[in-house]
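Asks: give the three-dimensional model of this entry:
(4 chains, ligands or ions: 6)
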Amino acid sequence: MDLRVEFAGLVLKNPIITASGTFGFGLEFSSFGDLKRLGGIVVKGLSLKPREGNPMPRVSETPCGMLNAIGIQNPGVEVFLRDKLPLLPWRETAIIANMYASSVPEFGELADVLAGEEGLAALEVNVSCPNVSHGGAAFGQDPAQIRKVTEEVKKRAKGKPVIVKLSPNVTDIATCALAAQEGGADAVSLINTLLGMAVDIRTRMPCLANVVGGLSGPAIKPVALRCVHQVCRKVSIPVIGVGGIVSAEDALEFILLGAQAVQVGTANFLRPDQSFRIIDDLPRAMLKARSSSLDELRGGIKLP
Amino acid sequence: MDLRVEFAGLVLKNPIITASGTFGFGLEFSSFGDLKRLGGIVVKGLSLKPREGNPMPRVSETPCGMLNAIGIQNPGVEVFLRDKLPLLPWRETAIIANMYASSVPEFGELADVLAGEEGLAALEVNVSCPNVSHGGAAFGQDPAQIRKVTEEVKKRAKGKPVIVKLSPNVTDIATCALAAQEGGADAVSLINTLLGMAVDIRTRMPCLANVVGGLSGPAIKPVALRCVHQVCRKVSIPVIGVGGIVSAEDALEFILLGAQAVQVGTANFLRPDQSFRIIDDLPRAMLKARSSSLDELRGGIKLP
Amino acid sequence: MVERNCREVKIREIRFLGTWDEPSDFMELVLENPGWESYRPGQFAMLRAKLWGLELPWGRPFSISRVDAESVTFFIQVVGRGTSRLAQLRANDEVVVWGPLGNGFSVLPETPTLLLAGGMGLAPFRGYIERHPTPKYLRLLFAHRPALDFYPYSDMGQKVRAEAIQERSTDDLPDIIRRIETVMDECAGGLALACGPTPFLRTVQAHALKKGIRAEISLEKTMACGIGACLGCVCKNGQDRHVQVCAHGPVFPVADIRI
Amino acid sequence: MVERNCREVKIREIRFLGTWDEPSDFMELVLENPGWESYRPGQFAMLRAKLWGLELPWGRPFSISRVDAESVTFFIQVVGRGTSRLAQLRANDEVVVWGPLGNGFSVLPETPTLLLAGGMGLAPFRGYIERHPTPKYLRLLFAHRPALDFYPYSDMGQKVRAEAIQERSTDDLPDIIRRIETVMDECAGGLALACGPTPFLRTVQAHALKKGIRAEISLEKTMACGIGACLGCVCKNGQDRHVQVCAHGPVFPVADIRI
Ligand SMILES: Cc1cc2nc3c(=O)[nH]c(=O)nc-3n(C[C@H](O)[C@H](O)[C@H](O)COP(=O)(O)OP(=O)(O)OC[C@H]3O[C@@H](n4cnc5c(N)ncnc54)[C@H](O)[C@@H]3O)c2cc1C
Ligand SMILES: Cc1cc2nc3c(=O)[nH]c(=O)nc-3n(C[C@H](O)[C@H](O)[C@H](O)COP(=O)(O)OP(=O)(O)OC[C@H]3O[C@@H](n4cnc5c(N)ncnc54)[C@H](O)[C@@H]3O)c2cc1C
Ligand SMILES: Cc1cc2nc3c(=O)[nH]c(=O)nc-3n(C[C@H](O)[C@H](O)[C@H](O)COP(=O)(O)O)c2cc1C
Ligand SMILES: Cc1cc2nc3c(=O)[nH]c(=O)nc-3n(C[C@H](O)[C@H](O)[C@H](O)COP(=O)(O)O)c2cc1C
Ligand code: FES
Ligand code: FES
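Replies: Ligands and ions are numbered 1, 2, ... in the order given. Now for the predicted structure:
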């Protein structure tokens, strides 16, 4: 079965991309599956300078989900480009850099550094991180800011596709998606995590040192599907569906709503070979949807 | 152990209130537990005229949660007052009317009808129903509207406590809570359901005839806790915590964040005696939290 | 009427009757009787295995198939998440049950009564036959797709006049429909009771209304609460009003409900 | 190094060693060996029962306690949601495991080596003793709260010089700390390896640093991925940088990590 997808200048073997922050720099998973088989890999959020991230505890398991407040710990973009990217199978699989910055000019600088890299297939702009006090979330909740950041990155991307990753913690996500489109985004990916919290009645403390964190996993899939549905009906640029995908069926649900491809996040923790298993399982799930082509399925949702 | 709570003019035996729409008119549960043991019962959403609600299918199970798009089916306020309320143990347990209307004047009219009823301990204003095309959601996402509705209901409530139930489908729920407070609300309850969606790849149709619906259950507890935390820090009126509560520990988590009481919704479907079991279990959970008084525990969260 | 209750009871036995189509198993689940001797056939119960945890927040509705002094039997087909988890249980595991719920089928002694079962719709008729005061007035027509051995049919066939027709392909459907209509006509002065998939019920309903045959049908809807509280399982009644299938049904007189 | 892999293997046996404090069970979980003969004691694996479904999205980390040609043994205390679900499993049920993960303890033949175990921290030392080339150089000090029978201690005590001290109340703590420090001093020229609760490790670390004793400690953190990808399990290293305990540890030289 042909599972190839092409959009926004990207050509992917299949629509399964691993989501930022849940698949490390890819290399952590290389003994659990052949990275070349993935449709794409979005690496952990990168910033200009190295970041130590938030204090511990940073993660907490919740019913069918988890909270994280990692705070974009990363070795900085230089170290990534020097030590990690060359080891990745970037000729065979789309490697996508996830960008984090706390101001528009900083996003621009980061784009400058990344744009020239042959090994990167696209840039994903994270304007939706709920785990850093300023920057991330604030950007992602304001359409005007989203547009500005997008314009800035696009201007410096040297033609590389720019994907803007949207936050669900807004009253109207379609407007945010439109803002990205107007800013020149080649695609939008959604959703990032829902702002959440957990507390421990024994210690009387929040389960995360950061107090609040981002909720992900199967628990949020219904919210992600709704957001993708709302956005697909509003924008003309491609949409990448993210949120709670653990199976090939889940992936097809997003594609049925109009997504070009999907990202798999928390499911990588269910077991480290889960993304590979989802790919293996796609043909079976396609049969279940009585389809032999993703293009036929895409956007095929029958609305009343 | 004394589990009594008093706030906003309400005196409850314990902080466990059953949530609107998940406990029918209470009577459905009378063979599974003694209704008099509940802290309170919020009845199914009531409108001035009977409503048939949305077409089927109306509910869909999701990981650790569910979607509903009932569309406020109800026999109308008159039938409720005539046929249901007299059968409820309203002298022993706080019966709270959940109000649904699609305009400010209609909310006012409904308040007029309810305010004189001796059997009602309070009014809960549902400005956050995601399942009706206009009205509900639109109101609940606009602080100015929330304030107006609250003022109107409060004006006509003849002194009955007015609780405003807030939607989490907003960028900033604390601002919505403040609007309710400014409008004269005696308390706020939160959260109503998260807007979500499910699709069936076999039929290629949404799982709900209404396409989108409200997500509830354990899956959303982290979002509910976060919202309660944000609101408790902003408002001075009492807060009732709702969302994903299935156990006594869950209830105490909300109280630790500052909630006066909680509402139990989807958990009533886990098994019909679940709300009663939560009450039975409260003393054990209090021990776990090393507390013998809800007042001692309330708001006792230790923030870094 | 028996008091509805919510109880944790032990599984006495799980009998696998066979595997038909991946992943569809047929099984009989035998539980300790939570005190349901006086149930009425056609009533159902909600079941929930403790090992579901929170992932599946709802119980699952199953017709009470038979009840004796010690046990309650359900006849279950594995079709999804809940039923496949039920199939993983073993004797002595605990399940939570609440019931008996809803209304059962009418019982009219000394009245010719036709039992129309489609597939798993056979389940409630087992108890119906066992409890009927005058079983010789009963007649069973059973339409099925998987082989007959997967169903507790032979037992039932020994007690009442019975006939089974298999649907091997959709080409068989017109014949099956004709057969249903014919036996209904033969029982026209009596009572026809039907339980099965929706198209099957539609056939029965249409014919009963056309010929003025007294008939009852048992509906299946996805259920969250099973007790009339969530309004998730409604159908329109004769007055075009939404009524809860769990509380007002699952058995309805044919004229009272739209399917 | 052995290839890490992710496999579904069958449970051969679950041995309950006793119940201490509600709901805390102690058990040994024996699995088919997924090919881990060459693991290094101190390494761990992530375990996930298939019946968890999606409610618990993470596996759970456990030290590999011992490995023989056919099986892998984990020694597990029931403390919460995942471990209590593991305790419900039965022989032939399947679990998903990935490992061996992380770094093991150093093995220095013919070097006096002190094994300091606190509670469940005993687990990795079982395999350590079995695999050590010169076990007569090993010495075990085991601090515990529940009775000794709950632990696989007697086995281990037969192979190496061993001593157990029980903490009956917090009043016993100063004595225990003194005892730890004393035996560490006695082994000062050798190697000290510690696994146990954080306060226990702090004692060992502080004393080792003070006295310049070569020592390694195995840390416990909540883990989501177990393979260094999520950054959920970090500690600060000597350079005040966050490092993943799962990938850079769980065993660290005392000077390299802040706890
Ligand atoms: C009053 C009543 C009585 C019932 N009696 C019985 C009984 O005696 N024996 C019995 O086996 N079942 C009976 N059912 C049906 C049974 O409740 C469902 O099969 C069960 O709830 C499915 O649960 P699940 O978690 O396995 O499926 P889910 O995971 O919830 O659903 C999986 C998929 O299967 C589909 N599905 C659901 N039900 C069916 C079905 N019946 N056939 C085919 N596909 C389905 C769903 O649409 C979904 O796509 C009864 C239902 C009702 C309402
Ligand atoms: C590298 C490593 C090796 C380990 N080796 C072993 C081993 O060999 N044997 C073993 O039994 N455990 C071991 N653990 C600990 C084990 O991973 C946890 O006990 C387990 O993950 C708890 O899972 P749970 O789902 O039952 O608890 P959860 O439901 O996740 O947690 C329940 C509650 O228990 C608390 N809790 C979590 N862990 C502990 C604990 N260890 N003691 C007391 N309370 C706790 C949590 O804070 C939470 O409040 C190891 C941990 C690590 C990181
Ligand atoms: C531990 C963790 C770390 C994450 N880090 C990032 C990040 O650095 N940048 C980003 O854009 N999203 C990050 N995310 C969000 C995911 O990429 C994804 O959008 C989200 O988890 C929803 O998908 P899921 O439900 O499949 O996990 C992170 C998520 C998790 C769980
Ligand atoms: C089936 C169903 C019907 C509901 N109907 C109403 C309603 O009529 N009015 C209202 O304010 N909330 C309604 N709700 C929302 C609940 O009262 C509650 O706010 C929400 O479900 C979150 O709580 P939970 O996670 O405990 O269920 C309904 C929820 C469900 C599941
Ligand atoms: S299942 Fe809840 S009303 Fe019928
Ligand atoms: S558990 Fe994920 S990085 Fe260690």
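
Asks: show the average pLDDT along the helix or strand harbouring residue C:17.
Replies: Using DSSP states H and E, residue C:17 sits within strand C:5-19. When pLDDT is averaged along strand C:5-19, the result is 90.

Asks: ok, and what's touching the following helix or strand past that strand?
Replies: Once strand C:5-19 ends, the next helix or strand along the chain (criterion: DSSP H and E) is strand C:25-32. Strand C:25-32 has contacts (Cβ atoms under 8 Å, 6 or more residues apart in numbering or on different chains) with C:9-20, C:47, C:65, C:70-78, C:86-87, C:89, C:95, C:97, C:146, C:150-152. C-beta: built from backbone N, CA, C; applies to glycine.

Asks: got the contact list for residue 36?
Replies: I'll assume chain A. Contact analysis of residue A:36 by Cβ under 8 Å, 6+ apart lists A:89, A:92-93.

Asks: I was thinking of chain C, sorry if that wasn't clear
Replies: The contact partners of residue C:36, taken as Cβ under 8 Å, 6+ apart, are C:2, C:45, C:64, C:67, C:72, C:99-100.

Asks: quick one: buried ones out of these?
Replies: Buried subset of these (neighbour count, 16 or more other Cβ atoms under 10 Å in any protein chain shown): C:45, C:64, C:67, C:72, C:99-100.

Asks: ligand 6: which of those residues is nearest?
Replies: Using Cβ to the nearest ligand atom, residue C:45 comes nearest to ligand 6 of the buried ones among the contacts of residue C:36, at 42.9 Å.

Asks: okay, strands next: where are they in the stretch 101-250 of chain A?
Replies: A:122-126, A:162-165, A:187-190, A:194-197, A:199-200, A:205-206, A:212-216, A:239-242 (DSSP state E, counting those that start in this stretch).

Asks: among the buried ones among the contacts of residue C:36, which ones are in strands?
Replies: C:45, C:67, C:72, C:99-100 (DSSP state E).

Asks: with distance to residue B:198 as extra columns, can I get those in a markdown table?
Replies: What follows is these, written out as a markdown table (distance: Cβ to Cβ, whole Å):
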| residue | distance to residue B:198 |
| --- | --- |
| C:45 | 26 |
| C:67 | 36 |
| C:72 | 33 |
| C:99 | 28 |
| C:100 | 31 |
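
Asks: in a markdown table, list those residues along with pLDDT and distance to residue B:83.
Replies: Listed next are those as a markdown table, based on pLDDT from 0 to 100; distance: Cβ to Cβ, whole Å:
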| residue | pLDDT | distance to residue B:83 |
| --- | --- | --- |
| C:45 | 97 | 28 |
| C:67 | 96 | 33 |
| C:72 | 96 | 34 |
| C:99 | 94 | 26 |
| C:100 | 96 | 25 |
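
Asks: now residue 143. Nearest residue, chain neighbours left out?
Replies: Answering for chain A, as no chain was given. Closest residue to residue A:143 apart from its sequence neighbours, by Cβ to Cβ, 6 or more residues apart in numbering or on different chains: residue A:179 at 3.7 Å.

Asks: wait, chain C
Replies: Residue C:143's closest residue in space is residue C:118 (Cβ to Cβ, 6+ apart), at 4.9 Å.

Asks: re earlier: for ChimeraX, write the select line for the buried members of the contacts of strand C:25-32.
Replies: In ChimeraX, this line selects whichever of those come out buried by 16+ other Cβ under 10 Å:
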select /C:9,11,12,14,17,47,65,71,72,73,74,75,76,77,78,86,87,89,95,97,146,150,151,152
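
Asks: can you show me the helices along the chain?
Replies: No chain was given, so I picked chain A. Along chain A, the segments classed as helices by DSSP state H run A:77-79, A:104-115, A:136-140, A:143-156, A:173-182, A:221-232, A:248-256, A:267-270, A:274-288, A:294-297.

Asks: wait, chain C was what I had in mind.
Replies: According to DSSP H, chain C carries its helices in the segments C:81-87, C:123-131, C:153-159, C:173-186, C:198-211, C:245-248.

Asks: quick check, pLDDT for residue C:187.
Replies: On pLDDT, residue C:187 comes in at 87.

Asks: one more: residue C:28?
Replies: At residue C:28, the pLDDT recorded in the model is 95.

Asks: got it, and residue C:115?
Replies: 97.

Asks: now do the contacts for it.
Replies: Counting by Cβ under 8 Å, 6+ apart, residue C:115 touches C:125, C:128-129, C:138-141, C:160, C:193-194.

Asks: by neighbours, which of those residues wins?
Replies: When these are compared by neighbour count (other Cβ atoms under 10 Å in any protein chain shown), residue C:125 ends up highest, at 31 neighbours.

Asks: just to check, it is in contact with residue C:156?
Replies: Yes - counting by Cβ atoms under 8 Å, a contact exists between residue C:125 and residue C:156, whose distance comes to 6.8 Å.

Asks: mutual contacts of those two, please.
Replies: Taking Cβ under 8 Å, 6+ apart as the contact rule, residue C:125 and residue C:156 both touch residue C:140.

Asks: the residue in chain C positioned nearest to ligand 1 and residue A:85, how far apart?
Replies: Proximity of chain C to ligand 1 (Cβ to the nearest ligand atom) peaks at residue C:80, 2.3 Å away. Using Cβ to Cβ, to the nearest Å, residue C:80 is found at 44 Å from residue A:85.

Asks: quick check: which ranges of the stretch 51-200 of chain A have low pLDDT?
Replies: A:129-138 (pLDDT under 70).

Asks: sorry, back to before: JSON lines for the helices of chain C, including distance to ligand 6?
Replies: Shown next, in JSON lines, are those (distance: least, Cβ to the nearest ligand atom, whole Å):
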{"stretch": "helix C:81-87", "distance to ligand 6": "28"}
{"stretch": "helix C:123-131", "distance to ligand 6": "47"}
{"stretch": "helix C:153-159", "distance to ligand 6": "54"}
{"stretch": "helix C:173-186", "distance to ligand 6": "55"}
{"stretch": "helix C:198-211", "distance to ligand 6": "48"}
{"stretch": "helix C:245-248", "distance to ligand 6": "44"}
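
Asks: tell me how many other residues crowd the residue in chain A that chain C sits nearest to.
Replies: Closest to chain C within chain A is residue A:63: 5.0 Å, counting by Cβ to the nearest Cβ. Other residues within reach of residue A:63, judged by other Cβ under 10 Å, total 29.

Asks: might you report the residue contacts of it?
Replies: Residues in contact with residue A:63, defined by Cβ under 8 Å, 6+ apart, are A:219, B:64, B:217-219, B:221, B:244, C:54-55, D:55.

Asks: again, only using 10 Å
Replies: A:217-219, B:63-65, B:217-222, B:244, B:246, B:250, C:53-55, C:57, D:54-57, D:81 (Cβ atoms under 10 Å, 6 or more residues apart in numbering or on different chains).

Asks: shouldn't residue C:240 be in contact with residue C:258?
Replies: Yes - in this structure residue C:240 lies within contact range of residue C:258 using Cβ atoms under 10 Å: 7.9 Å.

Asks: does chain D have contacts with stretch C:73-91?
Replies: Yes - interface with chain D: stretch C:73-91 contributes C:81, C:85, C:88, C:90 (Cβ under 10 Å from any Cβ of the partner chain).

Asks: among these, who's most crowded?
Replies: With neighbours taken as other Cβ under 10 Å, the top of those is residue C:85, carrying 20 neighbours.

Asks: contact partners for residue A:284?
Replies: Contacts for residue A:284 (Cβ under 10 Å, 6+ apart) come out as A:1, A:248-249.

Asks: select only the buried ones of these in ChimeraX?
Replies: Buried residues among the contacts of residue A:284 (16+ other Cβ under 10 Å), as a ChimeraX selection:
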select /A:248,249
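
Asks: which one among the contacts of residue A:284 sits at the bottom for pLDDT?
Replies: Lowest pLDDT among the contacts of residue A:284: residue A:1, 81.

Asks: who's in contact with that one?
Replies: A:14, A:282-284, A:286-287, A:291-294.
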